[in-house]
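1. Kindly return the folded structure for what I paste below:
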Amino acid sequence: NSSEIYMTFLVDWSVAFLSLYDSTIMNNVMLPVTLSLCLCVCIQIEVFVKESLTEDTTHLRNNALHSEMTAMLDLGTKLHSQSTQHIRRLTDMETQVLNQTSRLEIQSLENSLSSIKLENKLLRQTSEINQLRDKTDALEQRMHNMEARHRAELGWIKSERTKLQRLLVSQSSSIQSLEHNLEQVITNNSALYREQLQLHSTINNLLKMCPKNKGKQIVDEVIYAHDREKIQDVMDNQFRICSHNVLINSLICEGTLYYTALTVYCNMESAGGGWTIIQLRKDGTLDFHRTWKEYKMGFGSLTEEHWLGNELVYKLTNQRQCTLRLELTDWDGKLAFSQYEKFYLGSEKQNYRLFLKSYSGTAGRQSSLVINGADFSTKDMDNDNCICKCALMLTGGWWFDACGPSNLNGIYYTSGQNSGKLDGIKWHYFKGPNYSLHATTMMIRPLDF
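-> Numbering: from 1, shown residues only. A predicted model of the protein is given here:
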């Protein structure tokens, strides 16, 4: 009877255990603990069943209850089989739970690692942003400083420009006044000289009325005065000579103690004619790399290449206001000109300084000659504004200033050899700084021609 009671208890426990197991699986509540508990219970049941089977077998032997023993063995076997199945299922579930737990832990670690990486990246980006902000602030400060400095410099430049404009206006007014005074002086000198000649003529007439024994000195003076009267007549007509279709004529120029007759070459075709030629280049037969004295006195043949002479040009341009015209020919036969309404040279003490005004022409939109103030230089007289001695480097005598954009007295290069030459016959705003021209002519005539 006790065996039956105990068997009933085991059956009830088994039913309760299976119910708890199914509930745990369905609800997934405390799964690891429940599985462990169930495993322990199953093991105890298995042990108890084995012990009970032994005791019952002995009791059945003693009581010969074969039928009951058979039933109990079947029940024990069944319980043992169910217990084994439940243990296997619990083991499988534990393995699954452990695997799932491992995966979750790995995923959690990966998430933590990703979070750490993101935090580090965020920290780096924050640091970079702070650095960029600092650099931006520094740049803004520099910009503000530069703007302030530029505003100050702009104010100073405007002030200086205003001063320069005022000075330019003042100097222009002074130059105009000086030019006007110079014109008056030239006019007055001419009038005074004519009066002096008239006086000499009067003296000559008076001498004719004097006795013949007054001395040879007085007679010589009268003759000299008479000659000067003739010379003055020639000087008054010196430029008009070039307007009478004569190519070669004589000019009478005043010297220190006497008058000298000089021959010049005239151009009767260009811009109405009446031009006195002061420079001619056409074939390279004459060397223009000359000394100061040679450029002063002139050189060459009037019908060929020549330089009339700085001293003569100085005297001619200071007797009357003159216009300067330059005619330039390239190696393709193209002819261009540059003309300056007013032109004159300073004296030798002024290094035959060049003065020009009012440029026009087809040889460039602007002048290739320095308008005012350039001194004449030669290989033995350096008067330019460059430490390089332009006359030696570029050859010839010219108003170089600072080795400027022109030199019509440079080396004569023939066709095919005339490109890429800095020391050739150049006129920058006509053919560029490295092109040597084929032919050039410089000529003057009175402004009121």
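2. how about the helices in the stretch 201-350 of the chain?
-> 216-236, 292-297, 310-319 (DSSP state H, counting those that start in this stretch).
3. what packs against the second one?
-> What that stands for is helix 292-297. On a contact count with 3 or more C-beta pairs under 8 Å, 6 or more residues apart in numbering; DSSP states H and E, helix 292-297 meets helix 310-319. Every residue, glycine included, has its C-beta placed from N, CA and C.
4. buried sites along the helix it packs on?
-> Applying a neighbour-count criterion of 16 or more other C-beta atoms under 10 Å, one finds N310, E311, L312, V313, Y314, K315, L316, T317, N318, Q319 buried in helix 310-319.
5. I'd like to know which elements it is packed against.
-> Helix 310-319 packs on helix 66-209, strand 248-254, helix 292-297, strand 335-345, strand 439-446, going by 3+ C-beta pairs under 8 Å, 6+ apart.
6. tell me the mean pLDDT over it?
-> For helix 310-319, mean pLDDT rounds to 93.
7. before we move on, back to that, hey, least reliable of the helices of the stretch 201-350 of the chain by pLDDT?
-> Looking at the helices of the stretch 201-350 of the chain, the bottom one is helix 216-236 with a mean of 43.
8. Quick one: neighbours of A363, just the number.
-> 24 (other C-beta atoms under 10 Å).
9. my bad, should have said S170
-> Using other C-beta under 10 Å, S170 has 10 other residues around it.
10. how about low-confidence regions in the stretch 151-300 of the chain?
-> Scanning the stretch 151-300 of the chain for pLDDT under 70 picks out the ranges 186-187, 189-198, 200-201, 203-263.
11. give me that answer again for 90
-> 151, 153-156, 158-269, 272-274 (pLDDT under 90).
12. from the buried residues of helix 310-319, which single one is nearest D287?
-> Among the buried residues of helix 310-319, N310 lies closest to D287 (C-beta to C-beta), at 17.3 Å.
13. residues touching the closest residue to the closest one other than its chain neighbours, list them.
-> Of all residues not flanking N310 in the chain, Y352 sits nearest, at 4.4 Å (C-beta to C-beta, 6 or more residues apart in numbering). Residues near Y352 by C-beta atoms under 8 Å, 6 or more residues apart in numbering: K296, N310, V313, Y314, L345, G346, D375, F376.
14. how about 6 Å then?
-> When contacts are counted by C-beta atoms under 6 Å, 6 or more residues apart in numbering, Y352 is found next to N310, L345, G346, F376.
15. Can you list phi and psi of the spatially closest residue to the third one that is not a sequence neighbour for me?
-> Leaving aside its chain neighbours, G346 sits nearest to R353 (3.6 Å; criterion: C-beta to C-beta, 6+ apart). When quoted as degrees, to the nearest 10, the phi and psi of R353 stand at phi -60, psi 140.
16. pLDDT value on R353, please?
-> Reading off the model, R353 has pLDDT 95.
17. Distance of it relative to G373?
-> Distance from R353 to G373, counting by C-beta to C-beta, to the nearest Å: 6 Å.
18. Which one's more surrounded, those two?
-> R353 (18 against 14).
19. That one and Q184: what is the separation?
-> Per C-beta to C-beta, R353 is found 21 Å from Q184.
20. Next up, the contacts around H289.
-> Taking C-beta under 6 Å, 6+ apart, one finds T395, G396 in contact with H289.
21. start at 195 instead
-> I'll keep to 195 as the first residue from here, and by that count the last item is H483.
22. ok, the closest residue to M636 other than its chain neighbours - how many residues close by?
-> Once flanking residues are discounted, M636 sits nearest to Q473: 3.8 Å by C-beta to C-beta, 6+ apart. Look at Q473: counted by other C-beta under 10 Å, it has 19 neighbours.
23. Report how many residues lie close to Q319.
-> 10.
24. For it, list the residues it contacts.
-> Taking C-beta under 6 Å, 6+ apart, one finds nothing in contact with Q319.
25. What separation is there between it and L312?
-> Separation of Q319 from L312 (C-beta to C-beta): 10 Å.
26. for L496, same thing?
-> Applying C-beta to C-beta, the value for L496 to L312 is 98 Å.
27. before we move on, what about G503?
-> 93 Å.
28. neighbour count winner among the two?
-> Using other C-beta under 10 Å, the more surrounded residue of G503 and L312 is G503, with 20 against 10.
29. which parts of stretch 612-623 are buried?
-> N612, K615, D617, G618, I619, K620, W621, H622, Y623.
30. and which of those is nearest to A530?
-> Checking those one by one against A530 (C-beta to C-beta), the nearest turns out to be W621, at 8.2 Å.
31. Wait, that closest one touches T523, no?
-> No: here W621 lies out of contact with T523, judged by C-beta atoms under 6 Å, at a distance of 10.6 Å.
32. Do I have it right that the residue nearest to G540 meets S571?
-> No: if you go by C-beta under 6 Å, R547 and S571 don't touch, sitting 11.2 Å apart.
33. Sketch out the low-pLDDT regions of the stretch 195-344 of the chain for me.
-> Low-confidence segments of the stretch 195-344 of the chain, defined by pLDDT under 90: 195-309, 311-313, 315, 336, 338, 341, 343-344.
34. Name the residues linked to L550 by a beta bridge.
-> F537 (DSSP bridges).
35. Ok, S532 next?
-> L520, G555.
36. That one and Y607, how far apart?
-> Remark: distance between S532 and Y607 (C-beta to C-beta) = 21 Å.
37. the more surrounded of these two?
-> Shown here are S532 and Y607; by other C-beta under 10 Å, S532 has more neighbours (25 against 20).
38. who touches the more buried one in this structure?
-> L520, G555, A557.
39. Could you rerun that using 7 Å?
-> By C-beta atoms under 7 Å, 6 or more residues apart in numbering, S532 lies in contact with L520, Y553, G555, A557, S561.
40. Helix or strand for S552, just tell me which one.
-> Here S552 sits within strand 548-555, counting by DSSP states H and E.
41. buried ones in that strand?
-> Buried residues in strand 548-555 (16+ other C-beta under 10 Å): L548, F549, L550, Y553, G555.
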